[in-house]
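J.: structure of the sequence below:
(4 chains)
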Protein chains: 4
Amino acid sequence: MNSFGVKFRFTSFGQSHGKALGCIIDGVPAGIKIDLEFIQEELNKRKPGQNEFASPRKEDDKVEVLSGLFKGHSTNTPIALVVFNQNQKSKDYENIKDIFRLAHGDFTYFHKYGLRDYEGGGRTSARESIARVCAGAVAKLMLKELDIKILGGICQIGDIEAKEFDFSYAKTSQIFALDKNLEEKQKNKILEVKKSHDSIGGVALIKALSCPIGLGEPIYNKLDARIAFAMMSINGVKAVEIGAGIKAPKLKGSQNNDELSCDGFKTNNSGGILAGLSNGDDIIVKVHFKPTPSIFIEQNTINTKNENTKYKIKGRHDPCIAPRGSIIAQAMLACVLADFVLLNTSSNISQIKKVYENNENSNIL
Amino acid sequence: MNSFGVKFRFTSFGQSHGKALGCIIDGVPAGIKIDLEFIQEELNKRKPGQNEFASPRKEDDKVEVLSGLFKGHSTNTPIALVVFNQNQKSKDYENIKDIFRLAHGDFTYFHKYGLRDYEGGGRTSARESIARVCAGAVAKLMLKELDIKILGGICQIGDIEAKEFDFSYAKTSQIFALDKNLEEKQKNKILEVKKSHDSIGGVALIKALSCPIGLGEPIYNKLDARIAFAMMSINGVKAVEIGAGIKAPKLKGSQNNDELSCDGFKTNNSGGILAGLSNGDDIIVKVHFKPTPSIFIEQNTINTKNENTKYKIKGRHDPCIAPRGSIIAQAMLACVLADFVLLNTSSNISQIKKVYENNENSNIL
Amino acid sequence: MNSFGVKFRFTSFGQSHGKALGCIIDGVPAGIKIDLEFIQEELNKRKPGQNEFASPRKEDDKVEVLSGLFKGHSTNTPIALVVFNQNQKSKDYENIKDIFRLAHGDFTYFHKYGLRDYEGGGRTSARESIARVCAGAVAKLMLKELDIKILGGICQIGDIEAKEFDFSYAKTSQIFALDKNLEEKQKNKILEVKKSHDSIGGVALIKALSCPIGLGEPIYNKLDARIAFAMMSINGVKAVEIGAGIKAPKLKGSQNNDELSCDGFKTNNSGGILAGLSNGDDIIVKVHFKPTPSIFIEQNTINTKNENTKYKIKGRHDPCIAPRGSIIAQAMLACVLADFVLLNTSSNISQIKKVYENNENSNIL
Amino acid sequence: MNSFGVKFRFTSFGQSHGKALGCIIDGVPAGIKIDLEFIQEELNKRKPGQNEFASPRKEDDKVEVLSGLFKGHSTNTPIALVVFNQNQKSKDYENIKDIFRLAHGDFTYFHKYGLRDYEGGGRTSARESIARVCAGAVAKLMLKELDIKILGGICQIGDIEAKEFDFSYAKTSQIFALDKNLEEKQKNKILEVKKSHDSIGGVALIKALSCPIGLGEPIYNKLDARIAFAMMSINGVKAVEIGAGIKAPKLKGSQNNDELSCDGFKTNNSGGILAGLSNGDDIIVKVHFKPTPSIFIEQNTINTKNENTKYKIKGRHDPCIAPRGSIIAQAMLACVLADFVLLNTSSNISQIKKVYENNENSNIL
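T.: Numbers count the residues shown, from 1 in each chain, chains lettered A, B, ... in the order given. Modelled structure (predicted):
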């Protein structure tokens, strides 16, 4: 259950304080140039410690390739990517080892498994997302071959909602803000809760451009269903919207139906997906993140003996997980699309004949 | 890709105007009494033609069991359930066979497959949900053995949002309304759009009670992720929320974190799921449905030759799919929970030893 | 676990004395003409009651299509095929309901499930192979589009081993004998054991011609591994050989290595598979069937109370299952190859670009 | 496709000359003590360079754990095991880079992928089996908790077949010979072909003791089917037998049927498997290995331009792969059984109720 995807499939490993985290990416078609610098850059975007809006924790994550390449290209054999933890020595977790931190997996993991890795949250740590970003980076390299592009940014912090959506601007913003006019206000919201030892939630807006028509596999592996699955599997996500999303229920059919002309769709309430298949328009996804559970305020909880107690978090945590979360969400969308690109190569017999005719022995490198 | 679930897994078949629709349910543990009347009752709830708020189309769906039972009990062999279509003769679809209806799968299916079953929407028809309801009914029979219960109802029609949530009341409401005070207003909203040949969206609220702690399989098969996957795979769903959902981003950590005492959780912003595992509290899901795409107003579209054209739907369609959709959503939640109940029987070595010690040969019937 | 295959995937249902048996075939590419007469002919080959070498039981199995076709063609939606049991009334199974028949699943099913469907063997009945043959027939229709062909016949009955292998002859032989010179001897062997109320085993030789190079998915879904899996899942199979098979261990490398010239391979010890991938040469598989367990001689066994007892089978059974088994084996090989044909359409980036470039909207029907 | 298993599932990575090989093992129940020394010992058994009967190549493989343990115990999170290649510098493969070595994957990989990693065979190298042995070792640690035991040895080299089967003796034999009386003869056979620059095949006999009744998941995931799948996926395997295997077709039913008494089965022609489920008796598997393809004799082949050519292997290779192969086969059987042990915990409702009743919060460490 630590694998994601069907044909483009990554399997991840690693807990917060283990030796290393990483993933094996299976199904990458042979012949794609794997640009390691690009993977590292992607990874750098999710790193904390880069500014005052994220955790001050320094995680100098450096990716290494253990397998899967030949002369810098994919060979369809598993690509193993690994990031070694720099600082494995466990901090003192004695104070929380017997209590269940709120809104974390402490309580549920303990009861499911009969034990709990309390060091840095173990497998539930946000460090697990390193694997997602690595896999997403490889997915993006594959999608680039078909000119498919992923974009993302922050459209909401607390109740401050973006009105403009500038994805180029978001790239340079410290909180990946989409609305440059509201960025300052959103930043201040984060600093304000940080100052009061609290945290706040936020919303990411993710897009995919230039998708071919027909990605998605009915009836239970619809593109929107798999996107919802992917997004909701990210730590802290509580809601996922596609296209018009939560506005759709309020619309009439005559408002919501996207008209078609020979120049394409006139509106995009569908979010680029009809009946679970991409329709060629932009794919639009909104991902809602809850506030960081780890706050520096005393809270009531119980311990492993089911006794009432209080606790207060120490350490370094993001006052808002949404900005870094938006990077993970983009990675997951890339993985979903890469998978459906591969799955969609045998949907009809014409495609298949195209593949097998002139199936020559030419060297593709 | 027409299968749903890992251990409790159903595979469905059938298009709108075929001979029959149905499903094979695999993985049902041996020894469960399969109450066919209950399955039929569940199926009756999704039927259209029962009142003025749904399509007037009569679908007298009668379920038959083709396999999998012995003396009325499950045997862990595949349970095949089938509903024969009463009226297979295709209506005249000549007028829409070359045009793409808006907000339907016509455009995307045609491009993906190079052909399109235009009779009643083919596989994209809402009749496919018969299979989901059948599988969900069997899932509920299994969950009942562990006292797990599924509830559901409508909390929003258009922009009219419920303030009270009475799940008992919903059962008797023609639109499964949760708020009896607003029901009339919600009904009127539906009748109003119906009169103007239009449609409207709505939102269902679904709950599961008495779930054991620990359902869900990290890290990519989290309970919330699979619920989102299940819900978003239902026709017309555009957003899924868990617990506090879209309100979570606006909350501070100190507000959102559900406090624990020896009596349990004090609030339920988590929606009964922590780190992807059920925490024993109620599981809470909101499912947002778009307005029915099929409206009786002329709209612009293109035909299969990419020429601009206009069309107007004939036939009988629900003015609002949310009420019947809420039945499908409950069925899907039951399937997800049944799957995780089965998957959770080997999470730790104590469980496994319990199963294998005293593994006697007693007849369980 | 009642599904077979990854992309070309069938899910079967049905027990011996249920209402019906059948399968849902998922993943069939759109646009293939589905010839129902061909499916029925394939099914007729596995029927008992056709001559004195098989069970005299009459099973007049007639296949029906419940879904998945549009104007006679596949649409990539699930194809449901069903065969209704003609004679559902259970014979008197009182005499065996509490005893475990030897070499059958009675003992193991009872202990695994805590109950046992004793009517005609329930799900373990050879009638389950109806689903395999139906799925295999559809697979063959798909393979025909790429000119891949499946052949088979009997190469051994008891210890009488064929020396010549005439696959055309086998088609017309009542026991599908490959060696016309030894056919009589093999037939007599069957009649001889039949006369003494006993049974005998046999071996089938199965071939696939004109496979493209590269079918199979390393490292754990190798073509030979999946063939072995498919064959060993057939009732009564105790050994599977590929190419030189059990002779390979006795050979030296210099004898076993198939030399390559620009005209192809000079020998075929590999059985058409190198490193788990088809090499373009004939695929060669041998499938060893045990003697029918159901014999009409008194044998010692125990009952469900673990008491020693004796029993004697009544009813009608094949004196040798290998001839009809050879039909099942061909069907399974077809399913395996169909699956790998679909899986092999995204092995390298050139293939994928071929599929997506000029991905036009033409109607393929 | 680089994953093996359903619930106990390992995903492997690594090619011959990459940085590292290894695997991620998913689904290991929490609370099992993971003895690293045992894993290393298992790995040592497959190492070449230990005597004159195997390749003189020194591979000093040292296993490292990257994740998945907490205080030395499994946590149900992925266990990542890795073996770094000591000597990554590629030898001169210029002489074989454009030719297809016989009986290897060179030809098929080149045609499937459009490229070929010619350094040490890339992913097709026998070094991939390191991952299998690592996963098998963890599987054995899990099986030990239920007292299930795996044994193995060599029963045939060339045409010299064992008559006695002493599994204790095999452990100490340099070629894992089961028959101490024939060991010398078998060893001499290997030395003889080695001297003539050739190679020879062999057969391994593998057993599992003390399996609970009921392992295996009908109808397509039968225990014997999965064993055949597992074994045939090992490099060089050309045939797999269960129980009486290739002798079964020659037997009459009255000879082959294993009689049952209240003391158990009297014979074991079934190989411990009835109708695809373990019957409690010893599981017996025979695995046939072809002779090593890499021999030091000049052979005819073609190059990537399809021109006839000759080549002669240099380097160090096993004269017989069967002895080391028998270690891999044991590992694979352990993985198969571990998977079915986990899958069999929800076969009937009594099991499930046992798991969920008294599902207390006790710490299992």
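J.: lowest-pLDDT helix or strand in chain A?
T.: When each helix and strand of chain A is scored by mean pLDDT, DSSP states H and E, helix A:349-356 comes last, with a mean of 91.
J.: okay, buried residues for that one please.
T.: For helix A:349-356, burial by neighbour count (16 or more other C-beta atoms under 10 Å in any protein chain shown) applies to A:I349, A:S350, A:Q351, A:I352, A:K354, A:V355, A:Y356. Every C-beta, even on glycine, is put in place using the N, C-alpha and C of the backbone.
J.: show me what contacts the residue lying closest to A:K305 once chain neighbours are set aside?
T.: Closest residue to A:K305 apart from its sequence neighbours, by C-beta to C-beta, 6 or more residues apart in numbering or on different chains: A:D98 at 7.6 Å. Counting by C-beta atoms under 8 Å, 6 or more residues apart in numbering or on different chains, A:D98 touches A:N303, A:T304, A:K305.
J.: who touches the first one in this structure?
T.: What that stands for is A:N303. Counting by C-beta under 8 Å, 6+ apart, A:N303 touches A:D98, A:I99, A:F100, A:T309.
J.: returning to what we had before: close to chain D, is the least confident helix or strand of chain A?
T.: No: Helix A:349-356 stays clear of chain D (C-beta under 8 Å from any C-beta of the partner chain), getting no nearer than 11.7 Å.
J.: pretty sure A:N76 sits against A:G27.
T.: Yes: using C-beta atoms under 8 Å, A:N76 makes contact with A:G27 at a distance of 7.4 Å.
J.: count the residues that sit near the nearest residue to A:T345 once chain neighbours are set aside.
T.: Distances taken as C-beta to C-beta, 6+ apart place C:T345 nearest to A:T345, at 4.0 Å, with adjacent residues excluded. Look at C:T345: counted by other C-beta atoms under 10 Å in any protein chain shown, it has 24 neighbours.
J.: now A:E37
T.: So A:E37, with other C-beta under 10 Å, has 8 neighbours.
J.: tell me which helix or strand it sits in.
T.: A:E37 belongs to helix A:36-46 when assigned by DSSP states H and E.
J.: A:V6: neighbour count?
T.: For A:V6, using other C-beta under 10 Å, the count is 17.
J.: try the one 5 residues further on
T.: When neighbours are defined as other C-beta under 10 Å, A:T11 has 31 of them.
J.: just to be sure, it is in a strand?
T.: Yes: assigned with DSSP: H, G, I helix; E, B strand; the rest coil, A:T11 falls within a strand.
J.: so it touches A:G27, yeah?
T.: No: contact criterion C-beta under 8 Å: A:T11 and A:G27 do not qualify, at 10.9 Å.
J.: does chain D have contacts with stretch A:68-88?
T.: Yes: judged by C-beta under 8 Å from any C-beta, stretch A:68-88 comes into contact with chain D through A:G68, A:L69, A:F70, A:H73, A:T75, A:N76, A:T77, A:P78, A:I79, A:A80, A:V82.
J.: quick one: the helices in chain A?
T.: Here chain A has its helices, by DSSP state H, at A:36-46, A:106-113, A:129-144, A:167-172, A:180-195, A:223-232, A:253-256, A:322-343, A:349-356.
J.: then the fifth one to CSV, C-alphas only?
T.: Okay, so that is helix A:180-195. C-alpha atoms of helix A:180-195 as CSV (Å, rounded to 0.1, in the frame of the first residue of the first chain):
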residue,chain,number,x,y,z
LYS,A,180,0.5,39.4,-6.0
ASN,A,181,-1.9,42.0,-4.7
LEU,A,182,-3.0,39.8,-1.8
GLU,A,183,0.4,38.2,-1.2
GLU,A,184,1.4,40.6,1.5
LYS,A,185,-1.9,40.1,3.4
GLN,A,186,-1.5,36.4,3.1
LYS,A,187,2.1,36.5,4.4
ASN,A,188,1.0,38.7,7.3
LYS,A,189,-1.7,36.2,8.2
ILE,A,190,1.0,33.5,8.5
LEU,A,191,3.3,35.7,10.5
GLU,A,192,0.5,36.7,12.8
VAL,A,193,-0.5,33.1,13.7
LYS,A,194,3.2,32.2,14.0
LYS,A,195,3.7,34.9,16.5
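J.: what's it in contact with?
T.: A:52-53, A:154, A:156-158, A:160-164, A:166, A:169, A:173-175, A:177, A:199-200, A:202, A:291, A:319-320, B:252-253.
J.: pLDDT weak spots in the stretch 51-200 of chain A?
T.: The model of the stretch 51-200 of chain A has pLDDT under 70 over residues A:87-91.
J.: show me what residue of it gets nearest to chain B.
T.: A:G105 (2.6 Å; C-beta to the nearest C-beta).
J.: got phi/psi on the nearest residue to that residue once chain neighbours are set aside?
T.: Of all residues not flanking A:G105 in the chain, B:A275 sits nearest, at 2.6 Å (C-beta to C-beta, 6+ apart). Backbone geometry at B:A275, expressed as degrees, to the nearest 10, gives phi 50, psi 30.
J.: neighbours of B:A275, how many?
T.: When neighbours are counted by other C-beta under 10 Å, B:A275 comes out with 27.
J.: just to revisit the earlier point, which of the residues of stretch A:68-88 next to chain D are close to chain C?
T.: Restricting these to those touching chain C (C-beta under 8 Å from any C-beta) yields A:N76, A:T77.
J.: CSV please, covering the residues of stretch A:68-88 next to chain D and showing neighbour count and distance to chain B.
T.: Listed next are the residues of stretch A:68-88 next to chain D as CSV, based on neighbours: other C-beta atoms under 10 Å in any protein chain shown; distance: C-beta to the nearest C-beta, whole Å:
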residue, neighbour count, distance to chain B
A:G68, 27, 20
A:L69, 21, 25
A:F70, 22, 28
A:H73, 18, 27
A:T75, 28, 25
A:N76, 27, 22
A:T77, 28, 22
A:P78, 31, 17
A:I79, 26, 18
A:A80, 31, 17
A:V82, 29, 17
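J.: ok, now how distant is the closest residue to chain D within the stretch 201-350 of chain A from D:G158?
T.: In the stretch 201-350 of chain A, the residue found nearest to chain D is A:T304; the distance is 6.7 Å by C-beta to the nearest C-beta. Separation of A:T304 from D:G158 (C-beta to C-beta, to the nearest Å) stands at 61 Å.
J.: between the two, who's got more neighbours?
T.: For the pair A:T304 and D:G158, the greater number of neighbours falls to D:G158 (22 against 17), based on other C-beta under 10 Å.
J.: mind saving the C-alpha coords of stretch A:344-357 as PDB?
T.: The C-alpha trace of stretch A:344-357 is given here as PDB (Å, rounded to 0.1, in the frame of the first residue of the first chain):
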ATOM      1  CA  ASN A 344      -4.100   5.300 -22.700                       C
ATOM      2  CA  THR A 345      -1.800   3.700 -25.300                       C
ATOM      3  CA  SER A 346      -4.100   0.700 -25.800                       C
ATOM      4  CA  SER A 347      -7.600   2.100 -25.700                       C
ATOM      5  CA  ASN A 348      -8.500   1.200 -29.300                       C
ATOM      6  CA  ILE A 349      -7.300  -1.200 -31.900                       C
ATOM      7  CA  SER A 350      -6.000   1.600 -34.200                       C
ATOM      8  CA  GLN A 351      -3.500   2.800 -31.500                       C
ATOM      9  CA  ILE A 352      -2.300  -0.700 -31.000                       C
ATOM     10  CA  LYS A 353      -1.800  -1.400 -34.600                       C
ATOM     11  CA  LYS A 354       0.200   1.900 -34.900                       C
ATOM     12  CA  VAL A 355       2.500   0.600 -32.200                       C
ATOM     13  CA  TYR A 356       3.100  -2.800 -33.600                       C
ATOM     14  CA  GLU A 357       3.400  -2.000 -37.300                       C
END
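J.: list the contacts of that stretch.
T.: A:212, A:214-215, A:217, B:112-115, C:7, C:27, C:29-32, C:76, C:142, C:145-146, C:212, C:341-346, C:351-352, C:354-355, C:364.
J.: what's the distance between A:L260 and B:K312?
T.: Distance from A:L260 to B:K312, by C-beta to C-beta: 15 Å.
J.: of these two, who's got more company?
T.: The residue with more neighbours, out of A:L260 and B:K312 and counting by other C-beta under 10 Å, is A:L260; that gives 25 against 12.
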